[in-house]
Structures are given as structure tokens and as C-alpha cells.
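Enquirer: Sequence and predicted structure are below.
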Protein chains: 2
Amino acid sequence: MNHAGAAGLKDAKDRFVRTWGEMASQWGINKTMARVHALLMASDAALSTDEVMSALGISRGNANMNLRALVDWGLVRRVAVGGERKEYFQSEKDVWNMCCRIARERKKREIEPVIGALEECLREAGGGRDAAAFRRKLTDLLELVRLLDFVLGKLAQQEKNAVMPRVLTLMKAMG
Amino acid sequence: MNHAGAAGLKDAKDRFVRTWGEMASQWGINKTMARVHALLMASDAALSTDEVMSALGISRGNANMNLRALVDWGLVRRVAVGGERKEYFQSEKDVWNMCCRIARERKKREIEPVIGALEECLREAGGGRDAAAFRRKLTDLLELVRLLDFVLGKLAQQEKNAVMPRVLTLMKAMG
DNA sequence: TCATGTTTTCAGAATTTACTGAAAGTATGA
DNA sequence: TCATACTTTCAGTAAATTCTGAAAACATGA
């Protein structure tokens, strides 16, 4: 029973790693990066590059690149273990903080540049009568993208979360 | 001056098409699909497959595939023009409706399957003591993903939008 | 200073994803 | 029914992305 249970846990973690990787690739995130993230989330202890490599069957270069990317996103921390020279990696423990980091990075990397580009389109389109419909479309889109920017910004600064209850309240109000 | 203005409008639309394509590919959406969508958004009139092909310099097969995908997403409609046999395509005019359609489809195609898979992980992990931390992580993630599912669901059914003011109200309340 | 253990880089290879274009399919009306 | 105008499919190709692995760089302690 214990043995079967342990096998189940291993399988469950594998499934989780696979699921997270597939989800990520649908959202424009590198699949391996997400699998590394999932592996670290599912692991109690911090893992070394070599452990990540062998757990996922990937090369050193690949492991190194994706671990660094996760650190850049603020989703994973480098930690020192015992007297070891090797670096270990540990995922952010709090799922809500994780969500905030993702919001912050996507806002900065992806939403803000789009706002700039749309504003540039608007400028370039000029004030002519022939451009009126296009200007209208652009301003509508800008309103939408700025709202998303605003929401992500709020989410990003929410270090400890009171997000869930508030959103639920709003949603109930919206019917 | 008129001539310069017209050139500016054309350039602005080109920039818009490029911007939309780049943004989309960062969010896991086919770049060409987004460019077709942007082209239709920027165009007052409905366009035929041939017009899309020549405006973007893509093949018939590619144009056909991406136009169909846009129709499947509910972002573009097939329309009949005059007495013509040819099909024409027109983007959803209202940007907020567009947003609702995207919410509905991403919820259905991407969020719901992830919820199912996470629930399966939880089942597979079993009730053993060694799985406790992993179960905790899974339930936290599920809470988060279910919240996203809920929000997208609300957004999706919001046919005519009162979304903007409500969200702004919430955001102010959140500080 | 050097030997050792570790991380980083990057050119080329592998894989995945997207695209083409010609052929097959479909609808229309004469 | 056939010719015509148009749409769809899909096998093969091209492009983009991701990955590998060996070499270079770096850090540490003797």
C-alpha cells in the first residue's frame, strides 16, 4: 500500500509537470521552462542543475538557460545548501506571490510595449477624415489594453494577497 | 498634404498589423492569424480571401486556414457582398465583444482542461503523508486557476459591457 | 599559482510549428 | 449535365524555435 502510494505520488508529479508544460506552451511560454518550474514546485527540497537535468532528461545548457529565465521572472530563487559549492534552486512557495510576479513581468515585457506601439499607430494615422474609423478602433483597443495594464499593475503590487475575496465580491456584484 | 496623410494612414495600419502579430505570438496565438485579424479590424470594408492574401503576402491555404480559425473563435464573420459569389470577411466591430469571445474560448479550450488535469493529479497523488505538501500546492494552484476560470466565465457572458466601470471601481477599492 | 568543481555560452543540430500550392471538393446556374 | 467560380485539404517544404554538448569562463581553496 505504501509502495503503491509512493508510485502514485511519482506519477502524479509527472502528470503535473506534463500538464504545466502543455498549458504554458499555449500561453506563449517555453514548455521546458514551465516543466522546470513545475518540477521545483512539486519538490519539497531545492534542486541542483544536475538534478533538474536528470529528472527531465534535458541538457546542461537547456537546464541552465531555463533556470536563469525562471530566476529572471522572479519565480525561482537560487539558494545555498549546506557547505556545498553547487547552486540549488527553489520555487517561490506562495502561489499568490507567484501569480503577482507573472503579472508584473507580463505587464512590463508585453503590455507596456503594446501600449506604446498603439499610441505610435495613432500618431502616425494623423487627423484626416479618412483615418477616423481606424482612430476610433485604435482608441477602443487602447482603452482595453490600458485596463489590462492597470489590472496587472494592481495585481503585481499585491504582495500579500487579499485578491481572492475581493475579486469574488466583485464577481457576485456583477451577477 | 492629403497625399502625405494617406501614406501615413497606410503606414499606421501596417504598423498596427505588425504590432498585433507580435503581441499575439507572445500569448501563444499564431502570428499570421493575428495579422489577419488586425487587417480586418483596420479595414472599413469586408475583405475577400484574395484581398487578405495579397495584403499580407500569404498563400491561399494559409489565408483560408487562419480566416476559418478566426471565425471559429467568433472574432470574424463571413458576410455576403452584393451579388458576388465570393465570401467576404469582416471583424467583430465591438472591441469589448471581441474581448468576451476571446475570454470564452480561452476558458473553454485552455483553462477547463487544466482544471481537469490538476484534479486528476490530486486524485493520483493519494492521501499519504508523503504527498501532503504536494497536495497543498495543487489545491492552492487549483484555487487560483478556478478563480481565473470564474473571471473569464463572467467576462464571457457579459454580452454588452458594463465591465470597465465595475473593474475600475474594484481597483480603486483595492488601492 | 594551479587543480578542481561548477556555471555559462553559443554554433550547429534537432524538433516543432507554420506555410505553400496544386489537386480535390463544393456550389451555382445555364 | 456541365462549365465556372470559388473553397478546402494536405503532403511536402520552409521557417522559427528550442536544445545539445563541448569549450570557455569563472570561482574557490590548497
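Expert: Arrived safely, thanks for sending.

Enquirer: Remind me which helix or strand the spatially most central residue of chain A belongs to.
Expert: Among the residues of chain A, the one closest to the centroid is residue A:102, at 3.9 Å (Cα atoms, centre = their mean). If you go by DSSP states H and E, residue A:102 is part of helix A:95-106.

Enquirer: Repeat that for residue A:34.
Expert: helix A:31-42.

Enquirer: which parts of that helix are buried?
Expert: A:31-42 (16 or more other Cβ atoms under 10 Å in any protein chain shown). Where C-beta positions appear, they are placed from N, C-alpha and C, glycine not excepted.

Enquirer: out of those, who's near chain B?
Expert: Residues of the buried residues of helix A:31-42 in contact with chain B (Cβ under 8 Å from any Cβ of the partner chain): A:41-42.

Enquirer: and the buried residues of helix A:31-42 as TSV, adding pLDDT?
Expert: Listed next are these as TSV, based on pLDDT from 0 to 100:
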residue	pLDDT
A:31	98
A:32	98
A:33	98
A:34	98
A:35	98
A:36	99
A:37	98
A:38	98
A:39	98
A:40	98
A:41	98
A:42	98
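
Enquirer: For the buried residues of helix A:31-42, give me TSV that also has distance to DNA strand C.
Expert: Formatted as TSV, these follow (distance: Cβ to the nearest atom of the strand, whole Å):
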residue	distance to DNA strand C
A:31	7
A:32	10
A:33	13
A:34	12
A:35	13
A:36	13
A:37	16
A:38	17
A:39	16
A:40	14
A:41	20
A:42	21
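
Enquirer: Next one: residue A:66 from residue A:101, what distance?
Expert: Distance, residue A:66 to residue A:101, using Cβ to Cβ, to the nearest Å: 16 Å.

Enquirer: Looking at these two, which is more packed in?
Expert: A count of neighbours by other Cβ atoms under 10 Å in any protein chain shown puts residue A:66 above the other of residue A:66 and residue A:101, at 22 against 17.

Enquirer: how much space between that one and residue A:31?
Expert: In terms of Cβ to Cβ, residue A:66 sits 10 Å off from residue A:31.

Enquirer: residue in chain A nearest to DNA strand D?
Expert: The nearest approach of chain A to DNA strand D comes at residue A:61, 1.9 Å away (Cβ to the nearest atom of the strand).

Enquirer: ok, which stretches of chain A are helices?
Expert: A:2-26, A:31-42, A:49-56, A:60-72, A:95-106, A:112-125, A:132-157, A:163-174 (DSSP state H).

Enquirer: Please name the residues that touch residue A:111.
Expert: Contacts for residue A:111 (Cβ atoms under 8 Å, 6 or more residues apart in numbering or on different chains) come out as A:145, A:148-149, A:152.

Enquirer: Thought residue A:70 was touching the residue nearest to the centre of chain A, still the case?
Expert: No. If you go by Cβ atoms under 8 Å, residue A:102 and residue A:70 don't touch, sitting 11.1 Å apart.

Enquirer: Tell me the pLDDT of the residue with the largest distance to the centre of chain A.
Expert: In chain A, the residue that sits farthest from the middle, by Cα atoms, centre = their mean, is residue A:129; the gap is 42.3 Å. Per-residue pLDDT puts residue A:129 at 95.

Enquirer: List the contacts of it.
Expert: By Cβ under 8 Å, 6+ apart, residue A:129 has no neighbours at all.

Enquirer: circling back to that earlier point, with just CA atoms, put the helix holding residue A:34 into CSV.
Expert: Provided in CSV are the C-alpha atoms of helix A:31-42 (Å, rounded to 0.1, in the frame of the first residue of the first chain):
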residue,chain,number,x,y,z
LYS,A,31,7.5,24.4,-22.4
THR,A,32,10.7,23.3,-20.8
MET,A,33,10.8,26.4,-18.7
ALA,A,34,7.3,25.5,-17.4
ARG,A,35,8.3,21.9,-16.8
VAL,A,36,11.3,23.0,-14.7
HIS,A,37,9.0,25.3,-12.8
ALA,A,38,6.6,22.6,-12.1
LEU,A,39,9.3,20.2,-11.0
LEU,A,40,10.5,22.7,-8.5
MET,A,41,7.0,23.5,-7.3
ALA,A,42,6.4,19.8,-6.8
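
Enquirer: tell me which strands and helices that helix is in contact with?
Expert: With contacts taken as 3 or more Cβ pairs under 8 Å, 6 or more residues apart in numbering or on different chains; DSSP states H and E, helix A:31-42 sits against helix A:2-26, helix A:49-56, helix A:60-72, strand A:87-91, helix B:132-157.

Enquirer: Mean neighbour count, the ones you listed: which tops it?
Expert: strand A:87-91 (a mean of 19; mean count of other Cβ atoms under 10 Å in any protein chain shown).

Enquirer: Each with direction, which strands does that strand pair with?
Expert: strand A:47-48 (antiparallel), strand A:76-80 (antiparallel) (DSSP bridges).

Enquirer: now what about the shortest one, what contacts it?
Expert: Under the contact criterion Cβ under 8 Å, 6+ apart, strand A:47-48 has outside partners A:39-40, A:55, A:86-90.

Enquirer: what's the most distant pair in those?
Expert: With Cβ to Cβ as the measure, no two of these lie farther apart than A:39 and A:86, at 16.9 Å.

Enquirer: where's residue A:77 relative to chain B, distance?
Expert: 16 Å (Cβ to the nearest Cβ, to the nearest Å).
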